[in-house]
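Peer 1: would you be able to build a 3D model of this:
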Amino acid sequence: MDGSYYGQRALGSFLRARRGRVAPERVGVGGQKRRRVQGLRREELAQLAGISVDYYVRLEQGRANQPSAEVLDALARALGLDAAERRHLDTLASGRPEPVPDTRIGPGLRRALDAMDRLPVFATDHRLDVVAWNRLGSELMGGLGVPGRRDPNNARFVFLDPAARELYPDWEARAAEAVGQLRVAAGRHPDDGELAALIGELTAASDEFRRIWDSGEVTMCAAGRKRLRHPVVGLLELDFETLHVPAGPGESGLVLHVFSAEEGTAAAAALARLS
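Peer 2: Modelled structure (predicted):
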């Protein structure tokens, strides 16, 4: 697939999805009792962004190439995009796909994971395949690497395995997170056939995936707190950090997910029992 062509189509789809999520009253648009479309109309968004309706329509239809930084700034402001969404907008508008990274695991990284034996750690690639983990990370996440326990791809696990709803009390948030990460990856690597096949599989197999994908959800790994339910130690509320390991100069690669709990808390005691 030609990257620039994909980018034009994906840019239009993303703009349509985000336009549909903007409440007209939030941006001072409206007054009519009935609206046939959810969110903003094309002409309303064009007016808010200060661009012509014709040019905006061509952007949505994939007939306008590489809009300027000023146009992207204006659209991002009008749509209320956050930092992750704005970066995704820039990626789609650039028409320059990134090479698919080499995500093989080196011996040094494996030793580092094993040395972090008091913390659950696992690594994912851009397709959300879990490609490495330590013993505690495997147990916390439902048996990574244990035959028959769970799918090694996090997105398949979340959407196609009922066990995911037991592991994640906040399943909807985890589902949106997975879709958002896949959307970012698809924007960066439009030539990745395996990624496209995964998205197609989940679109066909899961109504929930299709619904969230159509919303234009965008997520980039960061830090925060997550709740997980383990069958032995029960509910855990853990802090998490994501560490990025480059595949090569200038390339994205693996993401390390590191979970921890503050000393003296019930979650820390539960992790100690689990280990």
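
Peer 1: could you report the neighbour count for residue 91?
Peer 2: Residue 91 has 21 neighbours, counted by other CB atoms under 10 Å. For glycine as for every other residue, the C-beta is placed from the backbone atoms N, C-alpha and C.

Peer 1: I'd say it and residue 188 touch.
Peer 2: Yes: using CB atoms under 8 Å, residue 91 is in contact with residue 188, at 5.8 Å.

Peer 1: show me how the protein divides into domains.
Peer 2: 3-94, 107-274 (automatic domain parsing).

Peer 1: could these go into CSV alongside mean pLDDT?
Peer 2: Shown next, in CSV, are these (pLDDT from 0 to 100):
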stretch, mean pLDDT
domain 3-94, 85
domain 107-274, 92
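
Peer 1: and these: which comes nearest residue 101?
Peer 2: Closest approach to residue 101 among the domains of the chain is made by domain 107-274 (3.5 Å; CB to CB).

Peer 1: residue 153 and residue 111, how far apart?
Peer 2: 25 Å (CB to CB, to the nearest Å).

Peer 1: between the two, which has more neighbouring residues?
Peer 2: Set side by side, residue 153 and residue 111 show more neighbours around residue 153, with 20 against 9, by other CB under 10 Å.

Peer 1: ok, now which ones touch the more buried one?
Peer 2: 127-130, 198 (CB atoms under 8 Å, 6 or more residues apart in numbering).

Peer 1: pairing partners for it in the sheet, please.
Peer 2: Bridge pairing for residue 153 (DSSP bridges) gives the partners residue 129.

Peer 1: quick one: it and residue 21, what's the gap?
Peer 2: 27 Å.

Peer 1: what do you get for residue 166?
Peer 2: From residue 166 to residue 21 the distance is 30 Å (CB to CB).

Peer 1: contacts only, for the residue most central in space within the chain.
Peer 2: Among the residues of the chain, the one closest to the centroid is residue 181, at 1.6 Å (CA atoms, centre = their mean). Residues in contact with residue 181 (CB under 8 Å, 6+ apart) are 128, 219-221.

Peer 1: likewise for residue 156?
Peer 2: Neighbouring residues of residue 156 by CB under 8 Å, 6+ apart: 198, 201-202.

Peer 1: assumed it was part of a strand.
Peer 2: No: assignment of residue 156 by DSSP: H, G, I helix; E, B strand; the rest coil gives helix, placing it outside any strand.

Peer 1: nearest to residue 100, out of the domains of the chain?
Peer 2: Residue 100 sits nearest to domain 107-274 of all the domains of the chain, at 4.8 Å, using CB to CB.

Peer 1: and the end-to-end length of the closest one?
Peer 2: The first and last residues of domain 107-274 sit 26 Å apart, counting by CA to CA, to the nearest Å.

Peer 1: show me how far it is from its chain's centre.
Peer 2: Mean C-alpha position of domain 107-274 versus that of the full chain (CA atoms, centre = their mean, to the nearest Å) differs by 11 Å.

Peer 1: please renumber the chain so that the first residue is 2 from this point on.
Peer 2: OK, 2 is where the count begins now, so the last one is domain 108-275.

Peer 1: so for stretch 258-275, what gets flagged as buried?
Peer 2: The neighbour-count check on stretch 258-275 (16 or more other CB atoms under 10 Å) flags 258-262, 268-269, 271-272 as buried.

Peer 1: quick check, nearest of those to residue 233?
Peer 2: Using CB to CB, residue 271 is the member of the buried residues of stretch 258-275 that sits closest to residue 233, with 9.0 Å.

Peer 1: how about the strands in the stretch 102-251 of the chain?
Peer 2: Under the criterion DSSP state E, counting those that start in this stretch, strands of the stretch 102-251 of the chain are mapped to 122-125, 131-134, 224-231, 235-246.

Peer 1: tell me which of those strands sits nearest to residue 60.
Peer 2: For residue 60, the closest of these is strand 235-246, at 30.6 Å, according to CB to CB.

Peer 1: who touches the closest one?
Peer 2: If you take CB under 8 Å, 6+ apart as the criterion, strand 235-246 is touched by 110, 121, 124, 141, 170, 222-231, 253-263, 268, 271-272.

Peer 1: continuing past that strand, what's the next helix or strand?
Peer 2: Downstream of strand 235-246, the next assigned helix or strand under DSSP states H and E is strand 255-261.
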